[in-house]
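Chemist: sequence first, predicted coordinates after that:
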Amino acid sequence: MGDSSKERIQEAIRDFLRDNFPLGQQQGLAMGDRLLEEGIVDSLGLLLIIEFIEGTYDVTVRDMDVVVANFETIAAIADFVLLLKDQKPDL
């Protein structure tokens, strides 16, 4: 998958954050903003993000994958989504 796929995923995540999180509406939300550390997303918000990426990209997030590194920034979430899509078995 090329950069355009990652860029589309990042934009979808940024749009989701802007639409669903008050601080996401107030801030510019750069790809490197630390979502949890800066208080843009809390633990409940993390569950909403997981639900969004599972439903949007038809992937499954395992409990063991719910670590800060995978959800720290918009770019990290996009990388994680791409990894999940690559790991998904072909039917």
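Modeler: That came in fine, so what should we check first?
Chemist: residue 65: neighbouring residues, count only.
Modeler: Neighbour count of residue 65, defined by other C-beta atoms under 10 Å: 15. C-beta: built from backbone N, CA, C; applies to glycine.
Chemist: let me redo that: residue 85
Modeler: Residues lying near residue 85 (other C-beta under 10 Å) number 15.
Chemist: go on, the one 3 residues further on?
Modeler: Residue 88 has 12 neighbours, counted by other C-beta under 10 Å.
Chemist: find me the pLDDT at it, would you?
Modeler: If you check residue 88, the pLDDT there is 74.
Chemist: same deal with residue 65?
Modeler: 96.
Chemist: I figured it hits residue 80, correct?
Modeler: Yes - with contact defined as C-beta atoms under 8 Å, residue 65 reaches residue 80; the gap is 7.4 Å.
Chemist: which ones are touching the residue positioned nearest the centre of the chain?
Modeler: The centroid of the chain falls nearest to residue 77 when counting by C-alpha atoms, centre = their mean (3.5 Å). Each residue near residue 77 by C-beta atoms under 8 Å, 6 or more residues apart in numbering is listed here: 9, 13, 49, 53, 70-71.
Chemist: now with 10 Å?
Modeler: Residues in contact with residue 77, defined by C-beta atoms under 10 Å, 6 or more residues apart in numbering, are 9-10, 12-14, 16-17, 31, 35, 41, 49-50, 52-53, 70-71.
Chemist: for it, what is the enclosing helix or strand?
Modeler: Counting by DSSP states H and E, the element that carries residue 77 is helix 74-87.
Chemist: just residue 23 next, same as before
Modeler: Using DSSP H and E, residue 23 falls within helix 22-26.
Chemist: where does the prediction get shaky in this structure?
Modeler: 1-4, 26-27, 90-91 (pLDDT under 70).
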